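*Asks:* Mind folding the following:
(chains A and B)
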2 protein chains.
Amino acid sequence: MKLLLTGSAGFIGSHLAEHFLAHGHEVIGVDNYLSGQPRHTRHLLAHPGFSFVEADVSMGLPTDTGPLNWVLHFASPASPPHYQQHAIETLMVGAQGTQHALDLARRSGARFLLASTSEVYGDPQVHPQPEAYWGHVNPNGVRSCYDEAKRYAEAITCAYHREHGLDTRIIRIFNTYGPHMRPDDGRVVTNFINQALAGEALTVQGDGQQTRSFQYVSDLVAGIAALMALPGPHPHPVNLGTTDAITVLRFAQIVRDAIDPTLPIRFVPLAADDPRQRQPDITLARTLLGWSPQVSLTDGLTRTIAYFRALRAEQQPVPTSGPAWMRGAADAGQSAATPGD
Amino acid sequence: MKLLLTGSAGFIGSHLAEHFLAHGHEVIGVDNYLSGQPRHTRHLLAHPGFSFVEADVSMGLPTDTGPLNWVLHFASPASPPHYQQHAIETLMVGAQGTQHALDLARRSGARFLLASTSEVYGDPQVHPQPEAYWGHVNPNGVRSCYDEAKRYAEAITCAYHREHGLDTRIIRIFNTYGPHMRPDDGRVVTNFINQALAGEALTVQGDGQQTRSFQYVSDLVAGIAALMALPGPHPHPVNLGTTDAITVLRFAQIVRDAIDPTLPIRFVPLAADDPRQRQPDITLARTLLGWSPQVSLTDGLTRTIAYFRALRAEQQPVPTSGPAWMRGAADAGQSAATPGD
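*Replies:* Predicted coordinates for the structure are as follows:
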């Protein structure tokens, strides 16, 4: 397959690119590095099946790609600190960005996938959330730039399916973690790991009794690959996430215990519009795709902590008196310590 | 004041333009006639304070307007048959259109008003709906092209206020009726009046026990004018509508009895995602603006029926053997029978 992937330098996009390349597909990555990381592009450019366009999807997409089998739209800031800092860009990549990706899929005869999110459910009043649940979102709150952008993205994807018969698919991604997350992602997984690796207290918002369900990134990638490979029309959203809920406090304790059991846990105020609880109903993914999450939290955390530990080691200042090849390697973000999955 | 008004040839836009011109303001109207009607522009062009730009707001807005005091964004298909027929255009005028209007307000130092809608509440589970209610909207349904576009429009309006300090205001317009509605609007007011004037049965969806609250257009215009005139920041949405709920069946009977009490009422299936009930909590508008609806349903309906009666008379075929001035007048949609308010 030949596919175009927006957000290829992002956390999930970079894993998808690696997966599809490893399975013999040809991947055109697109990113503007607003929240994606150049290291994830550099890492892939060595692969003969990979090419890259540095572009803002909200402004347009390449027109010279030739026929494509798939267009996957993953570009967007996705962590609350990033999307709140880039609220208008986040809104634009949900609207104009999604529409450009839909138009490209239409022009090039491709199957289209929208990366939507559990945040379309907002602060849900139904647990767990099946795809038929309409959600509970504040259209005016500080998170609305992301939540409403993704709801809009789903609506316009449905409109292209209805009006143009485009083969569209939508996944709603629940909390996902793993290597390649930005260290400054700002959500609990990276916050706790960074704090613990730095020997600092782990900061838990509110009373920590709000729950999260953490899916390891390779499980998500497997679900996406299964959905893309499925023949026939599947325009309805599909939840991809794990059903194993855990309180944020308990999660902090697990991370702490995996890194340094002597560290304290400190409680701080809850962020605005933070959902109390969110947990997918994955009946549809189980039946439609024969999919379910396979990686345990312990295994996933071990790999993720190893990644961030290596990243920290790599980012230690390189002695200027050291050999030139060593400084150059560190500058390019490529060294023996470059973390992989 | 000098103001730019998108959707100036629409039902509500045309009343707003008339109102602001009558109060000595200068109005630049913008419309692309997707759902607006050229007759509403022609009617205003005689006024020295009015100018008009035929343009699609989703594609951009004039850059040579000079300083503006207000930008009011009313462009959008608004009736379910229209927005479902033009789903992608409706999504675009909510996203790109709103952003172009926000950018114009920012460039020209203007106060911005977004015409939002009670449809952001979807099929509400709280009655009546206060502005703080987050709504109950299907992001994938056939109405999502409108509902989600307007929720997105609110979210980006809030983002411009937060990020750029723009003086933004949002109204959520509940069911409004009156002269200047399109005869093919497709909602109950025009459906019932047209059916009764044609001597046909009035078609009620479902069992007719779903309720609506019908606001006469001059009340809405008064509320908008009051909000625009208010000094200081008011970024939070304000409901404008009437609290007098009536069942659709009872409303059909009132229209029937006003036109021809002998007509039958026929029941037909309910449309998809049609809200059972929607009624504003207008406490905020009452306290903030000292506003409340003044026109009774009887008075409003009398004026509206008179308008549609005149429109039907005007649209009767003109005998080709008649005098040329008479044919020309009818072609231009301007005749002694042109209905006004």
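*Asks:* Point out the residues in chain A that sit beside chain B.
*Replies:* A:87-88, A:91-92, A:94-96, A:99, A:120, A:122, A:134-140, A:142, A:144-145, A:147-149, A:151-152, A:154-156, A:158-160, A:162-163, A:170, A:236-237 (CB under 8 Å from any CB of the partner chain). (Glycine included, C-beta is placed from N, CA and C.)
*Asks:* switch the cut-off to 6 Å
*Replies:* A:87-88, A:91, A:95, A:134, A:136-140, A:144-145, A:148, A:151-152, A:154-156, A:158-159, A:163 (CB under 6 Å from any CB of the partner chain).
*Asks:* just the buried members of those residues?
*Replies:* A:87-88, A:91, A:95, A:134, A:136-140, A:144-145, A:148, A:151-152, A:154-156, A:158-159 (16 or more other CB atoms under 10 Å in any protein chain shown).
*Asks:* With just CA atoms, put the host helix or strand of residue A:39 into PDB.
*Replies:* Applying DSSP states H and E as the criterion places residue A:39 in helix A:38-45. Extracted in PDB, the C-alpha atoms of helix A:38-45 (Å, rounded to 0.1, in the frame of the first residue of the first chain):
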ATOM      1  CA  PRO A  38      12.200  16.200  14.000                       C
ATOM      2  CA  ARG A  39      14.000  13.200  15.500                       C
ATOM      3  CA  HIS A  40      11.100  11.000  14.500                       C
ATOM      4  CA  THR A  41      11.500  12.000  10.900                       C
ATOM      5  CA  ARG A  42      15.300  11.700  10.800                       C
ATOM      6  CA  HIS A  43      15.000   8.200  12.200                       C
ATOM      7  CA  LEU A  44      12.800   7.200   9.300                       C
ATOM      8  CA  LEU A  45      14.500   8.900   6.400                       C
END
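*Asks:* buried residues in the helix or strand just after that helix?
*Replies:* Counting by DSSP H and E, the next helix or strand C-terminal to helix A:38-45 is strand A:50-54. Going by neighbour count (16+ other CB under 10 Å), the buried part of strand A:50-54 is A:50, A:51, A:52, A:53.
*Asks:* Same question for stretch A:215-234.
*Replies:* A:215-228, A:234.
*Asks:* Looking at those, spot the one nearest chain B.
*Replies:* Chain B lies nearest to residue A:234 out of those, by CB to the nearest CB, at 12.6 Å.
*Asks:* Now for the closest one: which residues touch it?
*Replies:* By CB atoms under 6 Å, 6 or more residues apart in numbering or on different chains, residue A:234 lies in contact with residue A:169.
*Asks:* just the one 10 residues further on next, same as before
*Replies:* Remark: with contacts taken as CB under 6 Å, 6+ apart, residue A:244 is in contact with residue A:213.
*Asks:* Tell me how far it lies from chain B.
*Replies:* Residue A:244 is 26 Å from chain B, where distance means CB to the nearest CB, to the nearest Å.
*Asks:* Quick check on the residue lying closest to residue A:125 once chain neighbours are set aside: phi, psi?
*Replies:* Of all residues not flanking residue A:125 in the chain, residue A:136 sits nearest, at 5.2 Å (CB to CB, 6 or more residues apart in numbering or on different chains). Here is the backbone geometry of residue A:136 (degrees, to the nearest 10): phi -150, psi 90.
*Asks:* and the longest helix seen in chain A, average pLDDT?
*Replies:* Secondary structure of chain A read by DSSP state H shows that its longest helix is helix A:144-164. Averaged across helix A:144-164, pLDDT comes to 98.
*Asks:* Specify the angle between that helix and helix B:144-164 in degrees.
*Replies:* 150 degrees (axes from the mean of the first three to the mean of the last three CA atoms, to 10 degrees).
*Asks:* What helices and strands are in contact with helix A:144-164?
*Replies:* Applying 3 or more CB pairs under 6 Å, 6 or more residues apart in numbering or on different chains; DSSP states H and E, one finds that helix A:144-164 contacts helix A:87-92, helix A:98-108, strand A:111-117, strand A:168-173, helix B:87-92, helix B:144-164.
*Asks:* Which one, of those, ends up nearest to residue A:312?
*Replies:* For the helices and strands packed on helix A:144-164, proximity to residue A:312 was assessed by CB to CB; strand A:168-173 is nearest, at 26.7 Å.
*Asks:* Please report phi then psi for residue A:2.
*Replies:* With angles defined as degrees, to the nearest 10, residue A:2 sits at phi -110, psi 130.
*Asks:* Specify the beta-bridge partners of it.
*Replies:* residue A:26 (DSSP bridges).
*Asks:* what's it in contact with, if anything?
*Replies:* Applying CB under 6 Å, 6+ apart to residue A:2 gives the contacts A:26, A:68, A:69.
*Asks:* circling back to that earlier point, return the member of the buried residues of strand A:50-54 nearest to residue B:204.
*Replies:* Using CB to CB, these come closest to residue B:204 at residue A:53, 55.1 Å.
*Asks:* Excluding chain neighbours, what is closest to the closest one?
*Replies:* Excluding its sequence neighbours, the residue lying closest to residue A:53 (CB to CB, 6+ apart) is residue A:30, at 4.9 Å.
*Asks:* I am assuming the one you found contacts residue A:54, so please confirm or correct that.
*Replies:* No - taking contacts as CB atoms under 6 Å, residue A:30 lies outside contact range of residue A:54: 7.8 Å.
*Asks:* tell me the contacts of residue A:124?
*Replies:* residue A:136.
*Asks:* nope, residue A:99 is what I meant
*Replies:* Residue A:99 touches residue A:156, counting by CB under 6 Å, 6+ apart.
*Asks:* Now do the same for it: its pLDDT.
*Replies:* So, for residue A:99, pLDDT stands at 98.
*Asks:* out of everything not next to it in sequence, what's closest to residue A:67?
*Replies:* What sits nearest to residue A:67 in space, not counting adjacent residues and going by CB to CB, 6+ apart, is residue A:108, at 5.6 Å.
*Asks:* Give me the pLDDT value at the one you found.
*Replies:* pLDDT, residue A:108: 95.
*Asks:* what's the burial count for it?
*Replies:* If you count neighbours by other CB atoms under 10 Å in any protein chain shown, residue A:108 ends up with 18.
*Asks:* Can you tell me how far it is from residue A:71?
*Replies:* Distance, residue A:108 to residue A:71, by CB to CB, to the nearest Å: 7 Å.
*Asks:* ok, now residue A:268?
*Replies:* Counting by CB to CB, the gap from residue A:268 to residue A:71 is 41 Å.
*Asks:* just residue A:282 next, same as before
*Replies:* Remark: distance between residue A:282 and residue A:71 (CB to CB) = 25 Å.
*Asks:* ok, now residue A:65?
*Replies:* On the measure of CB to CB, residue A:65 and residue A:71 end up 9 Å apart.
*Asks:* Likewise for residue A:297?
*Replies:* 33 Å.
*Asks:* swap in residue A:11?
*Replies:* Using CB to CB, we find residue A:11 at a distance of 19 Å from residue A:71.
*Asks:* More neighbours: which of these two?
*Replies:* For residue A:11 versus residue A:71, the count of surrounding residues by other CB under 10 Å is larger for residue A:71: 29 against 24.
*Asks:* Report pLDDT for the residue lying closest to the more buried one once chain neighbours are set aside.
*Replies:* Once flanking residues are discounted, residue A:71 sits nearest to residue A:105: 4.1 Å by CB to CB, 6+ apart. Per-residue confidence (pLDDT) for residue A:105: 97.
*Asks:* Repeat that for residue A:272.
*Replies:* In this model, residue A:272 is scored at 71, pLDDT.
*Asks:* Verify the contact between it and residue A:142 for me.
*Replies:* Yes - using CB under 6 Å, residue A:272 is in contact with residue A:142, at 5.2 Å.
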